[in-house]
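[1] Coordinates for the following, if possible.
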Amino acid sequence: QVQLVESGGGLVQPGGSLRLSCAVSGFTLGSYAIGWFRQAPGKDREKISCISSSGGATYFTDSVKGRAPISRDNAKNTVYLQMNNLKPEDTAVYYCAARKDHCSAYWFLYDYYGQGTQVTVSS
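    Numbering: from 1, shown residues only. Here you go, the predicted model:
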């Protein structure tokens, strides 16, 4: 059974950091790209970044560039999104998704999806 489980979200003050994790099971992580997306209340889903099966990272939104490195540990079947210098506008539900080999900026082109983890940035 394929599963993607996000964790690491929570309430953090502006300027703080969180490390989001996407733990996968039921498929071989090393053959899949993992993308991160987020959706804030009342807004469309936004693409954040993606890491390909070979480890190449792509950042889709300028708002997180330089603040949100993405990495993967295939031995642990986990992909990480390190969110630094968090801002109130980063508040959203963060989702990971898996796609064979290559990244895509389009949510609907992914094969498997997680349920999301809430990130709230507030003082």
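
[2] Quick check, central residue of this structure?
    Trp36 (2.8 Å; C-alpha atoms, centre = their mean).

[3] helix or strand for the nearest residue to it once chain neighbours are set aside, which one?
    Closest residue in space to Trp36, ignoring its immediate chain neighbours: Ile48 at 4.4 Å, by C-beta to C-beta, 6 or more residues apart in numbering. For every residue, glycine as well, the C-beta is placed using N, CA and C. Element membership for Ile48 (DSSP states H and E) is strand 46-51.

[4] what ranges do the helices span in this protein?
    Shown for the chain, no helices are assigned by DSSP state H.

[5] Give the pairing partners of the helix or strand bottoming out on mean pLDDT in it; include direction for each.
    Ranked by mean pLDDT, DSSP states H and E, the helix or strand of the chain with the weakest confidence is strand 57-59, at a mean of 87. For strand 57-59, sheet partners with direction are given as strand 46-51 (antiparallel), following DSSP bridges.

[6] what's the residue nearest to Trp36 in contact with, if anything?
    Applying C-beta atoms under 8 Å, 6 or more residues apart in numbering to Ile48 gives the contacts Gly35, Trp36, Phe37, Arg38, Tyr59, Phe60, Thr61, Val64, Ala68, Leu81, Tyr94.

[7] Counting neighbours, what do you get for the residue lying closest to the third one once chain neighbours are set aside?
    Read it as Phe37. Taking C-beta to C-beta, 6+ apart, and ignoring the residues beside it in sequence, Phe37 has Tyr95 as its nearest neighbour in space, at 4.8 Å. Applying the criterion other C-beta atoms under 10 Å, we find 23 residues in the vicinity of Tyr95.

[8] Return the set of residues that bridge with the spatially closest residue to Gly116 that is not a sequence neighbour.
    Spatial nearest neighbour of Gly116, excluding adjacent residues (C-beta to C-beta, 6+ apart): Val93 at 4.2 Å. Val93 has the following beta-bridge partners by DSSP bridges: Gln39, Gln118.
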